[in-house]
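Peer 1: my questions concern the predicted model and sequence given below.
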Amino acid sequence: MPSKSYRIKLDSQTWLVIDYVMVKGRIVSFVVRLMTTIEDNDVSVARYDTAHGMPHRDELDLKSEVVTKIWLPQLTLENAMTFGIEDFRKHYENYIHKYLSASRTNR
């Protein structure tokens, strides 16, 4: 199963990491990670992925614990991956704000 990985830079300290596996031209699994640098540390803020057999979004806190999980059962894997990339591109600042807020609350 060929896997692919690439990055998309959003600003000077924020980027996406996209990893996916294709079989016969179809995506069978993926993860789209929203990453940023906070106090010289690279952190994962949120992700779209296919763990648990269904596409979903996980929003994380400073301990990398899931604080919000949103299921996307209506989307195909291809559509969910594209949706995740576009959502993070458009709203990454909001996700980072929520990450920092959740991290302060959960300390």
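Peer 2: Great, that's in hand.
Peer 1: where do the helices sit along the protein?
Peer 2: Along the chain, counting by DSSP state H, helices occupy 77-105.
Peer 1: in terms of pLDDT, where does the residue of it most remote from its centre sit?
Peer 2: Most distant from the centre of the chain: residue 24, at 24.4 Å, with distances by Cα atoms, centre = their mean. Residue 24 carries a pLDDT value of 91.
Peer 1: got it, and residue 64?
Peer 2: Note on residue 64: pLDDT of 89.
Peer 1: the closest residue to it other than its chain neighbours: neighbour count?
Peer 2: Excluding the flanking residues, the one nearest residue 64 by Cβ to Cβ, 6 or more residues apart in numbering is residue 44, at 6.5 Å. Yep, even glycine has a C-beta here, placed from its N, CA and C like the rest. Neighbour count for residue 44, taken as other Cβ atoms under 10 Å: 15.
Peer 1: who does residue 44 form a beta bridge with?
Peer 2: With DSSP bridges as the criterion, residue 44 is bridged to residue 35.
Peer 1: give the contact list for the residue lying closest to residue 50 once chain neighbours are set aside.
Peer 2: Spatially, and ignoring its direct neighbours in sequence, residue 50 is nearest to residue 29 (4.6 Å; Cβ to Cβ, 6+ apart). The contact partners of residue 29, by Cβ atoms under 8 Å, 6 or more residues apart in numbering, come to 20, 21, 49, 50, 77.
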